[in-house]
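S.K.: How does the following fold in three dimensions:
(chains A and B)
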Number of protein chains: 2
Amino acid sequence: MIPDDPPPFAPFERVRSLRLYDSPWVGLRRDVVRRAGGPERDHHVVEIGDAVAVVPVCDDGGIVLVGQYRYPHGRTHWEVPAGRLHAGECAEAGAARELREETGWTARSFEPLPGFYPINGISAHWAHLFVARGCVPAGEPQHDELEQIVVRAFTRPEVEALLDAGRCADGFTALALLYHLRREPAR
Amino acid sequence: MIPDDPPPFAPFERVRSLRLYDSPWVGLRRDVVRRAGGPERDHHVVEIGDAVAVVPVCDDGGIVLVGQYRYPHGRTHWEVPAGRLHAGECAEAGAARELREETGWTARSFEPLPGFYPINGISAHWAHLFVARGCVPAGEPQHDELEQIVVRAFTRPEVEALLDAGRCADGFTALALLYHLRREPAR
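M.R.: I've put the predicted structure just below:
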């Protein structure tokens, strides 16, 4: 029995909106909003295009991760392949492309996992999640100039050990892996 | 056996940094960066203060969620209590404060779950996660003018049904609940 969503609250009225920054990578605006009968208040909104992340699973249950450097915090850690969707690209095609580009692996099929808002207090940014089945190496990765990536296949117990030790610090990665493990009990 | 982190890549050189926006809620900058021997490239960075989210657990295993309206996407859905840390506030104190303010409930004790970077492709923003044990109602919530919140206690099977149906669309909520459920097998 799935509980209902809460009764929807009335949307805020947007009194005006000030564009602060535009770029293909990120936009920023400051909206002046008002609850019914309330005073005007600022609400910042970060604009980031939809993203996709994919859990690459092999037929033996192993999972392929990428060791990736992230400039904002400076650490190199294990992540699932992920990235922004291209213009006009459906989420599953984006998952297949990111998998191929970041790992050089391809998959037999893709199944959706629940998507999520990574930072819904300040952005409508949405992340699609997939499991890729039957993954096999198919060639060399294609990294762009700012990507530094190594590729490694892990056993399921290794991935569980990483998660339980809190070592999957990327939220997309931890959430995608936890959804996958929950849906697919260990053999 | 916990796998090692990948060998760290050399950090990018920051050639220069352009501040695009500052506010107490969000900052934005555009850094010009360079990989060793490579060309200069832009890298945007969104600056958001650290956050905390807390899974409020009752002694019967039930979990308290808040039904909350989120302006960026306009939906009202179930979330765990969460918010930004105040200046100088430790993460556990922030968890206790957000729990009390958003639900009116208090806890006997707090245990950390693994934290995470919600959007580490573009931000060093960090979220601390906690489980709050022995939660009981202790008074009225204290919502600010832009918060519209209802409070409800769910059974563990209800929370599992929400997660499995993909109805925990807030990433902080889904990740905190999945870590908690994984660590605490059903009774």
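S.K.: Every contact and neighbour count from this point should use C-alpha atoms.
M.R.: OK.
S.K.: does stretch A:45-57 come close to chain B?
M.R.: Yes - applying CA under 8 Å from any CA of the partner chain, one finds stretch A:45-57 in contact with chain B at A:Val45.
S.K.: Report the distance from stretch A:34-44 to the chain centre.
M.R.: How far stretch A:34-44 lies from its chain's middle: 31 Å, per CA atoms, centre = their mean, to the nearest Å.
S.K.: Equivalent analysis for stretch A:153-171, please.
M.R.: From the chain centre to the centre of stretch A:153-171 is a distance of 16 Å (CA atoms, centre = their mean).
S.K.: quick check, it touching chain B?
M.R.: Yes - using CA under 8 Å from any CA, stretch A:153-171 reaches chain B at A:158, A:161-162, A:165-171.
S.K.: A:Arg183: how many residues sit nearby?
M.R.: As a burial measure, A:Arg183 scores 11 neighbours (other CA atoms under 10 Å in any protein chain shown).
S.K.: before we move on, what about A:His143?
M.R.: 15.
S.K.: Would you mind measuring from it to chain B?
M.R.: Using CA to the nearest CA, to the nearest Å, A:His143 is found at 13 Å from chain B.
S.K.: residue ranges for the helices of chain A, please.
M.R.: A:91-103, A:156-164, A:171-183 (DSSP state H).
S.K.: For the first one, give the mean pLDDT please.
M.R.: Along helix A:91-103, the predicted local confidence has a mean pLDDT of 98.
S.K.: buried stuff in it?
M.R.: Residues of helix A:91-103 classed as buried: A:91-92, A:94-103 (neighbour count, 16 or more other CA atoms under 10 Å in any protein chain shown).
S.K.: quick one: furthest residue from the center of chain A?
M.R.: A:Gly37 (37.3 Å; CA atoms, centre = their mean).
S.K.: Give me the pLDDT for it.
M.R.: Looking at A:Gly37, the pLDDT reads 80.
S.K.: Ok, the one 5 residues further on next?
M.R.: We have a pLDDT of 96 for A:Asp42.
S.K.: what does A:Met1 give?
M.R.: On the pLDDT scale, A:Met1 is placed at 89.
S.K.: and what of A:Ala169?
M.R.: Confidence score, pLDDT, at A:Ala169: 98.
S.K.: Run through the bridge partners of A:Asp42.
M.R.: A:Val32 (DSSP bridges).
S.K.: which residues sit in contact with it?
M.R.: Applying CA atoms under 8 Å, 6 or more residues apart in numbering or on different chains to A:Asp42 gives the contacts A:30-33.
S.K.: List the contacts of A:Trp105.
M.R.: With CA under 8 Å, 6+ apart, A:Trp105 has these contacts: A:99, A:135-139, A:141.
S.K.: list the contacts for A:Ala36?
M.R.: So A:Ala36 contacts A:12-13 (CA under 8 Å, 6+ apart).
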